[in-house]
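# give me a 3D structure for the following:
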Amino acid sequence: MLQKQHRLIKDKDFKIIFQRGRSFFIKEFGIKFLKNNLDISRFGFVISNKIAKKANKRNLIKRRLREIIRKNLPNIATGFDVVIMARPEIKELKFSEMKEKIEEALKQIRIL
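Residues are numbered from 1 along each chain as shown. As a prediction, this is how the structure comes out:
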């Protein structure tokens with residue numbers, strides 16, 4: 001599980017990131033990110049009902065995304081708020097494929 005200090009929880013934080021943050025999108029997911037002036041990076045995940053109707057499927061995707069971020073935390077640049085938004089194509093990805101795509105996307109936006 002991702003430590004509490006690395007989680008985005010407040011609705012206000014999500015709104016600020018969606019309004020002011022920069023975007024990066026691929027077929028399977030999108031990333032919104034913004035500098036946060038803190039010594040840590042924080043992450044939030046958005047998986048809508050359009051992705052999967054059942055909560056257990058949505059939670060599976062969230063757990064996988066959190067684990068990928070948790071494993072990469074030592075290599076992730078500090079001082080960012082990041083929101084990862086899933087798209088329907090993410091359901092077809094295996095964990096290893098998801099991990100590769102997330103890591104590649106984070107490298108492209110220079111967070112990893």
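# what about the strands in this protein?
Secondary structure of the chain, counting by DSSP state E: strands at 22-25, 29-35, 42-46, 80-86.
# just put those in a markdown table and tack on distance to Arg58.
To be clear about C-beta, it is placed using only N, CA and C from the backbone, and glycine gets the same treatment. Output for the strands of the chain, formatted as a markdown table (distance: least, CB to CB, whole Å):
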| stretch | distance to Arg58 |
| --- | --- |
| strand 22-25 | 20 |
| strand 29-35 | 13 |
| strand 42-46 | 10 |
| strand 80-86 | 8 |
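# tell me which of these sits most buried.
strand 80-86 (a mean of 22; mean count of other CB atoms under 10 Å).
# contacts for the helix ranked longest in the chain, please.
Counting residues, the longest helix found in the chain (DSSP state H) is helix 55-72. Outside helix 55-72, the residues that touch it by CB atoms under 8 Å, 6 or more residues apart in numbering are 1-2, 6, 43, 45, 47, 49, 51-52, 76, 84, 86, 90-91, 95, 98-99, 102-103, 106, 112.
# ok, of the residues you listed, which come out buried?
Applying 16 or more other CB atoms under 10 Å to these, the neighbour count classes 2, 6, 43, 45, 47, 51-52, 76, 84, 86, 90, 98-99, 102-103, 106 as buried.
# by pLDDT, give me the weakest of those residues.
Of all the buried ones among the contacts of helix 55-72, Leu2 has the smallest pLDDT value, namely 84.
# returning to what we had before: farthest pair within the buried ones among the contacts of helix 55-72?
By the measure CB to CB, Ala52 and Ile76 form the most distant pair in these, at 26.8 Å.
# let's see which of the buried ones among the contacts of helix 55-72 end up in helices.
Among the buried ones among the contacts of helix 55-72, the members falling in helices are Met98, Lys99, Ile102, Glu103, Leu106 (criterion: DSSP H).
# out of those residues, which is nearest to Phe24?
Leu106 (9.1 Å).
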